[in-house]
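[1] compute the structure for the input listed below.
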Amino acid sequence: MERKKASRLTASIILLIVIYLFAIAALFYGSNTVFNLIFSFNILFSLIILFLFHKGWHLRVVLALAAIVMAGFLIELVGVNTGKIFGNYQYGASLGFEINGTPLIVGFHWLLLVYTTHVTIREIGITRPWIELTGAGLMTAMDYLIEPVAMKYELWQWEGGDVPLQNFVAWFYLSFLMHFYINRVKPIYENKIAMPTFIVILIFFITLNIL
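    Numbers count the residues shown, from 1 in each chain. Next comes the predicted model:
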């Protein structure tokens, strides 16, 4: 049984690596639009893989994860339409279904980052009160890597072409609140593929920053 679980985990990690390599290949053999579509697909696929390895499904878990998705989307909806949270920015036109200029996928992107950073922090042994601060720091660092890629490949664009400091301050603060919520509600206990997923995503954006 343990060997079967290990094989399943290994196969899933390899599959994750393949789909993110496919996204990189799309930049060389496709277009920004193709990359944007694959980017959205990768977010959903990564979450599906996470959910397959998630332990302890029940209504409270579903509601907590849905709350993160909804909060992430609403934050971005307000941010895009007011400029008062992150600064002035606009999303590209190829990230899928959107409401008032905000793609629905961004809520799932917030969940993916919150979920993977939360489990990664727990697995390396960080506990409260540092777990929320570390989670916020990891997510802000990830956003720092994402922003140049997003602008270069037209996922979204900032007014004036520069990412304001306000964006990173808001990311840290909001990520802290989301990790605080997760630690209070505790919908996530263990997930063997969460840390590998975080590492794959991290390497993916580091690679795109270098290319």
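[2] and stretch 93-104, what's its mean pLDDT?
    The average pLDDT within stretch 93-104 is 89.
[3] buried stuff in it?
    Burial within stretch 93-104, assessed by neighbour count using 16 or more other C-beta atoms under 10 Å, is assigned to 94-96, 98, 102-104. No exception for glycine: its C-beta is placed from N, CA and C like everyone else's.
[4] what does stretch 125-145 give?
    Residues 131-140, 142-143, 145 are the ones in stretch 125-145 that count as buried (16+ other C-beta under 10 Å).
[5] tell me which of the residues you listed fall in helices.
    Using DSSP state H, the subset of those located in helices is 131-140, 142-143, 145.
[6] need those in CSV (columns: distance to residue 188 and pLDDT).
    Converted to CSV, these look like this (distance: C-beta to C-beta, whole Å; pLDDT from 0 to 100):
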residue, distance to residue 188, pLDDT
131, 12, 89
132, 14, 92
133, 18, 94
134, 15, 94
135, 12, 93
136, 16, 95
137, 19, 95
138, 15, 95
139, 15, 96
140, 20, 97
142, 18, 96
143, 21, 96
145, 23, 96
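[7] quick check: which element contains the closest residue to residue 72 other than its chain neighbours?
    Excluding the flanking residues, the one nearest residue 72 by C-beta to C-beta, 6 or more residues apart in numbering is residue 110, at 2.7 Å. Using DSSP states H and E, residue 110 maps to helix 105-123.
[8] now do that helix: which elements does it pack against?
    Secondary-structure packing of helix 105-123 (3 or more C-beta pairs under 8 Å, 6 or more residues apart in numbering; DSSP states H and E): helix 32-53, helix 59-82, helix 130-152, helix 165-185, helix 194-210.
[9] who touches it?
    Outside helix 105-123, the residues within contact range by C-beta atoms under 8 Å, 6 or more residues apart in numbering are 40, 43-44, 46-47, 50, 65, 68-76, 91, 95-97, 131, 134-135, 138-139, 142, 175, 178-179, 182-183, 188, 190-191, 194-195, 197-198, 201.
[10] much appreciated, bye for now.
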